[in-house]
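1. let me see the structure of the following:
(2 chains)
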Amino acid sequence: MTADARFTGLFWAVWRRNLRVYRRIWAINFLPPLLEPLFYLLAFGLGFSGLVSGVSWHGEALAFTQFFAPALIAAAAMWQAFMETSYNSFVRMFYQKSYDAMLATPLSLEEIIVAEIVWGATRSVIAAALMLAVVAGLGYTTGGQALAVIPVALLGGLAFGAMGMAATAVTPSIDMFNIPVFLVITPMFLFSGTFFPVDALPAWAGPLAWAMPLYHLAELMRAACLGRLTTGSLGNAAVLALYAAIFLPLALAGMRRRLIK
Amino acid sequence: MEGQTADPVLEVAAAHKNFGTFAAVRGVSFAVRRGECFGLLGPNGAGKTTTIRMIYGFSPLSGGTIRVFGQEIGPHFRAIRARLGVCQQGNTLDPDLSVLENLLVFAGYFRIPRREALARAEELLAFFALEAKKRFQYEELSGGMARRLMLARAIINRPDLLILDEPTTGLDPQSRNTLWDRLLDLKRQGLTILLTTHAMEEAERFCDRLCIIDHGQVAAEGDPAGLIATHAGRHALEVESPDEAMAAYLADQGRRFDRSGRRLIVYGDDRAALLALRDQFCTERGFIRAATLEDVFLRLTGRELRE
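-> Residues are numbered from 1 along each chain as shown, chains lettered A, B, ... in the order given. Down below sits the predicted model:
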C-alpha cells in the first residue's frame, strides 16, 4: 500500500475557513486599504508638493505622489501577508489551538501551513485590488499594465506570508514579533525605495536595499502602475519568488519542529 | 478491509514515546475491539494523552507499533483520520466561528459536501441539545455546551472509532450526565469508543474494558468487575484514624489493606470477616462499603500526590 500524499487540494478547506471569518467583517477589513492611500496621497500631495519638487526614477522625472502611490500598494501587500501569518496565525496556533484540532482530521501539517500562507497572500491581493481602484481613481496609473498589480501582490504576499510563518514557527511569545517587525519589516518599509529612491541612500546601503524583497515588490508595483513593465521586471519577480522558495521550507520545517511532539 | 471485522479496531503494541531523555510511554500494549468502550485510566502524567496522540498520529512513535483499522498511522494518516473522531482534552473550538460554522468548517476538512454537512450538523445540534444555540459564538456557550459541541464536531465524519481525552473533566454533574447519556447512545449505535478519564465511577459504569496506566506502563487490564475482584475484593472496610494495633494486626495476618493519610482501608470478599474486624478494632470509626474501581486505581498507582 502506498503512503498518503502529504499535500493535496484539501488545503483550500483551511483557506476557506479564513475567508469565512474575513467575510464576516469585510466592511471593516476593507477600510484600511481604501482609506490609507486616500489619506497618505492627500497628505503628501498637499503637504509635500511644496517641499519636494520631483523624484527621478530610472532617469524618469516623476511627481512625488506618482512615485509614492505604487509603493503604498507594495507596502500594504507586505503588511497584510506578514501580519496575517505572524500575529494572526500565532493566535490560531497558540491561543486557539486550531492547528491541534486540524491535525486530528485528514489535513496534513503541510496543508495547514501552506493554506495560511496562501491566505495571507490572498489578503495582499484583496488590499492591492482595493488600493489600485483608489490610486487609479486619483489618476496615478497609466494604461492596462496597472492590472499586473494583482499578480504582483500575490507573488509578494506569498513571499512575505512565508516569512511571517517562518517567524511564527520560532517565536516564543506573541510579543516577540516586535523583533522581526521593528528590525526587519519597518526598516524595509522606510528604506526600500518606498518613500524615496534608493539612489538617495549612502553607497553602502544600496546593496542592502537591493536585497530586500520590498524593494523588488515596490519596483514591480511602480512599473505596473506607470506602464513600465519590461523583461527586467522579471528579475524583480524572481527575487520575490526566491524569498518565497527559501522561507516556505523554513516555515514548514519550523512548524513541524514546533507542533509535532 | 471488509471481512476482517474480527480484527481489533485499534492495536497498540509495545508503544514507546520519549521526549528527549524522558520516557513518557514505556511499552504500552492493548487492543480495542469493535463496538466496545475501552477506558485508559491513570494519574496525571501517566502517559494517557501521549498514548492517545500517538494513536491519532499527532505524535510519532519512538518505538513499537500502532495499527488503527489494521493500518499504521504514519503512512496512512489521511485514510485513518478520515474514519476517526477525536475529542481533545482542551477546548479547540474555533472562537472566530459560530456554533453551526464550527461544525460546517470541520466537515470541510473531511471533504463532506456542503449540503450533507449542513444536514449532519443540524442532526448533531439536535442530538446534543444545541439547536437553539447554533448562531451563538462560542464564548456565549457554557462549559458543558462547549464540550457537547466538541463531541458533535468529533463525530461529524461519522467515525468508526471515537477517541475522547478526559471528556467530562471540569463539568458540573448535570453536564456530565448529559454527556454520558449521549455517549451511551452512540455506543448503542455501535460506535467504538476509546477514552481517558479520572472519573473512576464513570469508567466503572461505561467501560466494557479498561487498562490502568502508570509511569508509562500498563499496570492492569480487564473489565471493571474483574479488576475489582482481582485487585481489591468485593468489600472494603474503611476506618478513620485507626489504632496502630489494627495496622500491625492486619500486617501480621497478611490481610490486603491500604493506608491513605489518616484512613485505613481493608479489602476482602468476606463481609462477615470485615465486620468482625470492625467490631474488634473500631466500632465507631469504621464502615463497610463495596470495593470500587477507585480502590483498584489507588492500590495500583499509589496514594501519593502526582504533581
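2. how are the helices of the stretch 151-300 of chain B distributed by residue range?
-> Here the stretch 151-300 of chain B has its helices, by DSSP state H, counting those that start in this stretch, at B:173-188, B:200-206, B:224-231, B:244-253, B:271-281, B:293-301.
3. out of the ones you listed, which is the most enclosed?
-> Looking across those with neighbours counted as mean count of other C-beta atoms under 10 Å in any protein chain shown, the highest average goes to helix B:293-301: a mean of 21. Every residue, glycine included, has its C-beta placed from N, CA and C.
4. chain center to that one: distance?
-> What separates the centre of helix B:293-301 from the centre of its chain is 15 Å, taken as C-alpha atoms, centre = their mean, to the nearest Å.
5. could you list every helix and strand in contact with that helix?
-> Under the contact criterion of 3 or more C-beta pairs under 8 Å, 6 or more residues apart in numbering or on different chains; DSSP states H and E, helix B:293-301 touches helix B:200-206, strand B:209-214, strand B:217-222, helix B:224-231, strand B:257-260.
6. show me what the first one packs onto, helices and strands only.
-> Looking back up the chat, that one is helix B:200-206. Counting contacts by 3+ C-beta pairs under 8 Å, 6+ apart, helix B:200-206 packs against strand B:37-41, helix B:173-188, helix B:224-231, helix B:293-301.
7. export those as TSV, with columns for mean pLDDT and distance to A:F182.
-> Shown next, in TSV, are these (pLDDT from 0 to 100; distance: least, C-beta to C-beta, whole Å):
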stretch	mean pLDDT	distance to A:F182
strand B:37-41	96	47
helix B:173-188	91	46
helix B:224-231	92	59
helix B:293-301	88	51
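8. who wins for proximity to A:F44 among the ones you listed?
-> Each of these has some distance to A:F44 by C-beta to C-beta; the shortest is helix B:173-188, at 59.0 Å.
9. packing partners of that closest one?
-> By 3+ C-beta pairs under 8 Å, 6+ apart, helix B:173-188 packs against helix B:143-154, strand B:192-197, helix B:200-206.
10. how about residue 134, nearest residue that isn't a chain neighbour?
-> No chain was given, so I picked chain A. A:P37 (4.7 Å; C-beta to C-beta, 6 or more residues apart in numbering or on different chains).
11. wait, I meant chain B there
-> Nearest to B:K134 is B:L100, by C-beta to C-beta, 6+ apart, at 4.2 Å.
12. tell me the secondary structure at the one you found.
-> The local conformation at B:L100, judged by DSSP: H, G, I helix; E, B strand; the rest coil, is helix.
13. just the residues contacting stretch A:252-261, thanks.
-> A:93, A:99-100, A:103, A:109-110, A:113, A:165-166, A:168-170, B:19, B:58-60 (C-beta atoms under 8 Å, 6 or more residues apart in numbering or on different chains).
14. mind pulling up the pLDDT for the residue nearest to B:K134?
-> With respect to pLDDT, B:L100 scores 96.
15. let me see the mean pLDDT of stretch B:256-269.
-> 86.
16. off-centre distance for that stretch?
-> 25 Å.
17. how about the helices and strands packed on helix B:200-206 in TSV, adding distance to B:V9?
-> Shown next, in TSV, are the helices and strands packed on helix B:200-206 (distance: least, C-beta to C-beta, whole Å):
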stretch	distance to B:V9
strand B:37-41	9
helix B:173-188	13
helix B:224-231	20
helix B:293-301	23
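18. and stretch B:46-62, what's buried?
-> B:46-59, B:61 (16 or more other C-beta atoms under 10 Å in any protein chain shown).
19. export it to CSV, keeping only CA atoms.
-> Extracted C-alpha coordinates of stretch B:46-62, given in CSV (Å, rounded to 0.1, in the frame of the first residue of the first chain):
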residue,chain,number,x,y,z
ALA,B,46,0.9,8.6,33.4
GLY,B,47,1.2,8.8,29.6
LYS,B,48,-2.5,8.7,28.7
THR,B,49,-2.7,11.7,26.5
THR,B,50,0.7,10.9,24.9
THR,B,51,-0.6,7.4,24.0
ILE,B,52,-3.8,8.9,22.5
ARG,B,53,-1.8,11.4,20.5
MET,B,54,0.3,8.6,19.1
ILE,B,55,-2.9,6.7,18.1
TYR,B,56,-4.3,9.6,16.0
GLY,B,57,-1.0,10.3,14.5
PHE,B,58,-0.2,13.7,16.2
SER,B,59,2.9,12.3,17.8
PRO,B,60,5.3,10.0,16.0
LEU,B,61,6.2,6.8,18.0
SER,B,62,9.6,6.3,19.4
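20. any residue of that stretch touching chain A?
-> Yes. Stretch B:46-62 is in contact with chain A by C-beta under 8 Å from any C-beta of the partner chain, via B:56-60.
21. so which of those residues belong to helices?
-> Filtering the residues of stretch B:46-62 next to chain A for membership in helices, criterion DSSP state H, returns an empty set.
22. any chance of those residues in TSV, plus pLDDT?
-> Formatted as TSV, those follow (pLDDT from 0 to 100):
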residue	pLDDT
B:Y56	95
B:G57	92
B:F58	93
B:S59	94
B:P60	94
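23. ramachandran angles for the closest residue to chain A within the stretch 201-307 of chain B?
-> Nearest to chain A, among the residues of the stretch 201-307 of chain B, is B:G216, at 15.3 Å (C-beta to the nearest C-beta). Backbone torsions for B:G216, taken as degrees, to the nearest 10, come to phi 70, psi 10.
24. surely it and B:A46 touch.
-> Yes. Applying C-beta atoms under 8 Å, one finds B:G216 in contact with B:A46, separated by 7.0 Å.
25. before we move on, the earlier item: for the helices of the stretch 151-300 of chain B, which one sits closest to A:T122?
-> Per C-beta to C-beta, nearest to A:T122 of the helices of the stretch 151-300 of chain B: helix B:173-188, 38.4 Å.
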